[in-house]
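J.: show me how the following folds:
(one chain, ligands or ions: 3)
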Amino acid sequence: MGLVGAEETSSSSSSFMSDFIQKCGGCVVIDGGFATELERHGADLNDPLWSAKCLIDSPHLVRRVHLDYLDAGANIILTASYQATVQGFEAKGFSSEEAEGLLRRSVEIACEAREIYHDRCTKDSWDVMENGRSSSSSSSSRRPILVAASVGSYGAYLADGSEYSGNYGDAITLETLKDFHRKRVQILANSGADIIAFETIPNKLEAKAYAELLEEEGIEIPAWFSFNSKDGVNVVSGDPISECASIADSCKQVVAVGINCTPPRFIHGLITSIKKVTSKPILVYPNSGETYDGQAKQWVKSSGDVDEDFVTYIGKWREAGASLFGGCCRTSPKTIRGIARVLSSKN
Ligand SMILES: C[S+](C)CC[C@H](N)C(=O)O
Ligand SMILES: N[C@@H](CCS)C(=O)O
Ligand SMILES: [Zn+2]
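T.: Ligands and ions are numbered 1, 2, ... in the order given. Alright, predicted model coming up:
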């Protein structure tokens with residue numbers, strides 16, 4: 001169990017995130033693009049498992065990227081489980097026990113990175129003290145850090161970029177989605193993670209499936225719901241963001257609602273729409289503004305609107321009502337360092 005202990009179960013979910021935000025000084029820094037950062041370090045993610053492939057062949061790289069985001073100032077790191085599913089690992093020839101072990105491993109690696117980071121900070125503060133200077137980074141004031149277990153959508157598992165269309169066809173029902181996600185959610189909820197991050201949710205049906213699953217399975221750690229959009233009004237499937245955010249609002253285990261992997265230019269309007277339907281904390285972690293080509297598995301520059309460095313928008317997004325900020329695909333530790341700097345100057 002991480003920083004926030006086992007007593008923080010669903011009965012006290014309502015204050016989990018507001019307490020954490022307060023501990024962080026009023027605003028929280030989420031990490032940045034994880035898979036795309038693995039790629040920058042040379043990982044080949046052209047695989048149905050995408051970033052989860054590194055859990056099998058390069059766990060050292062997974063730990064390294066977590067550490068880079070912690071060094072950049074992140075208060076929340078997301079695990080490498082976005083596209084890690086029992087079904088996906090089994091398709092590669094792993095047994096169900098091995099698949100479950102790999103899911104748990106994603107959380108263990110993130111927890112290890114947090115421990116390494118805290119140990120280093122403690123050591124640095126001792127070194128400073130031994131040199132006769134006082135330290136402001138003693139272990140008692142160490143930075144609060146949560147490990148969020150990432151759950152990507154069914155569309156992510158399809159590995160064809162379907163999480164950017166949200167169109168699953170008529171054969172996929174609420175029950176199909178619940179059954180698809182059930183095992184992974186159970187495993188991650190008991191893995192030592194502090195929170196489950198349902199990310200890049202492309203449609204209302206999947207949000208509903210997650211909400212029902214959390215309830216039916218009696219999941220005892222909190223969760224966040226984060227949607228993606230390509231027009232600033234609806235989630236990518238065309239379902240209105242207000243309806244999707246309302247589902248999150250009604251679910252007692254959900255402690256924050258927001259937007260990820262969406263071009264920065266749409267974020268402000270989306271925060272305003274979400275704020276109208278919920279008083280839960282709002283999180284935003286946009287992508288670089290590029291578009292994902294699911295067939296070629298490549299990011300391409302969007303024609304037309306160009307997004308400037310979005311770190312300059314953080315103040316406006318905060319005024320609009322968001323309190324957790326990070327980056328998604330194609331953002332890097334540099335982006336997160338910029339966000340941490342902007343936020344610390346405002347606190
Ligand atoms: C967030 S997208 C870039 C993840 C990758 C996608 N599910 C794929 O496998 O192509
Ligand atoms: N947490 C995932 C989200 C992909 S959209 C990642 O950063 O790779
Ligand atoms: Zn993304």
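
J.: grab the nearest non-local neighbour of whichever residue of the stretch 201-347 of the chain sits closest to ligand 2.
T.: Taking CB to the nearest ligand atom as the measure, the stretch 201-347 of the chain has C261 as its residue closest to ligand 2, at 4.0 Å. (C-beta placed from N, C-alpha, C; glycine too.) Here the nearest residue to C261 in space, its sequence neighbours aside, is C328; by CB to CB, 6 or more residues apart in numbering that works out to 4.1 Å.

J.: thought Y285 was touching that neighbour, still the case?
T.: Yes. At 5.0 Å, C328 and Y285 qualify as touching, with contact defined as CB atoms under 8 Å.

J.: buried stuff in the longest helix along the chain?
T.: What stands out as the longest helix in the chain, according to DSSP state H, is helix 96-130. Neighbour counts over helix 96-130 (16 or more other CB atoms under 10 Å) mark 99-100, 102-114, 117-118, 121, 125 as buried.

J.: just checking, what packs against that helix?
T.: For helix 96-130, the packing partners by 3 or more CB pairs under 8 Å, 6 or more residues apart in numbering; DSSP states H and E come out as helix 53-57, helix 59-72, strand 76-78, helix 86-91, strand 146-151, helix 174-189.

J.: so, in contact with ligand 3 or not, the fifth one?
T.: Right, strand 146-151. No. Counting by CB under 5 Å from the ion, ligand 3 is not contacted by strand 146-151; separation bottoms out at 10.2 Å.

J.: near ligand 2 at all, that strand?
T.: Yes. Contact between strand 146-151 and ligand 2, assessed by CB under 6 Å from any ligand atom, occurs at S150.

J.: next one: that strand to chain centre, how far?
T.: Computed by CA atoms, centre = their mean, to the nearest Å, the chain-centroid distance of strand 146-151 equals 6 Å.

J.: sorry, back to before: which of the helices and strands packed on helix 96-130 sits closest to N131?
T.: Between N131 and these, the tightest spacing by CB to CB is seen for helix 59-72, at 21.5 Å.

J.: would you indicate which residues of the closest one are buried?
T.: Applying a neighbour-count criterion of 16+ other CB under 10 Å, one finds 59, 61-63, 65-70, 72 buried in helix 59-72.

J.: okay, F266 and L343: tell me how far apart.
T.: Distance of F266 to L343, computed by CB to CB, to the nearest Å: 21 Å.

J.: cool, H181 as well?
T.: When CB to CB is applied, the distance between H181 and L343 equals 33 Å.

J.: just S162 next, same as before
T.: For S162, the distance to L343 under the criterion CB to CB works out to 34 Å.

J.: coming back round to it: relative to T312, which of the helices and strands packed on helix 96-130 is closest?
T.: helix 59-72 (17.4 Å).

J.: what sits against the residue nearest to L102 when sequence neighbours are not counted?
T.: Distances taken as CB to CB, 6+ apart put L55 closest to L102, at 5.0 Å, once the chain neighbours are dropped. Remark: with contacts taken as CB atoms under 8 Å, 6 or more residues apart in numbering, L55 is in contact with 62, 80-81, 84, 102, 105-106, 109.

J.: tell me the residues of this protein that contact ligand 2?
T.: Counting by CB under 6 Å from any ligand atom, the chain sits next to ligand 2 at 33-35, 51, 78, 82, 150, 199-200, 261, 328-329.

J.: would you list those residues in TSV and tack on secondary structure, pLDDT and neighbour count?
T.: Supplementary listing: these in TSV, determined by DSSP: H, G, I helix; E, B strand; the rest coil; pLDDT from 0 to 100; neighbours: other CB atoms under 10 Å:
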residue	secondary structure	pLDDT	neighbour count
G33	coil	98	28
F34	coil	98	24
A35	helix	98	22
S51	helix	97	29
L78	strand	99	29
Y82	coil	98	25
S150	strand	98	27
E199	strand	98	24
T200	strand	98	28
C261	coil	98	27
C328	coil	98	27
C329	coil	97	21
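
J.: now the strands for the stretch 201-347 of the chain?
T.: Along the stretch 201-347 of the chain, the segments classed as strands by DSSP state E, counting those that start in this stretch run 223-227, 254-260, 282-285, 291-293, 298-300, 322-325.

J.: can you redo those as CSV with mean neighbour count?
T.: What follows is the strands of the stretch 201-347 of the chain, written out as CSV (neighbours: other CB atoms under 10 Å):
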stretch, mean neighbour count
strand 223-227, 28
strand 254-260, 27
strand 282-285, 28
strand 291-293, 16
strand 298-300, 13
strand 322-325, 24
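
J.: can you lay out these as JSON lines showing mean pLDDT?
T.: Conversion of these to JSON lines gives the following (pLDDT from 0 to 100):
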{"stretch": "strand 223-227", "mean pLDDT": "98"}
{"stretch": "strand 254-260", "mean pLDDT": "98"}
{"stretch": "strand 282-285", "mean pLDDT": "98"}
{"stretch": "strand 291-293", "mean pLDDT": "92"}
{"stretch": "strand 298-300", "mean pLDDT": "91"}
{"stretch": "strand 322-325", "mean pLDDT": "98"}
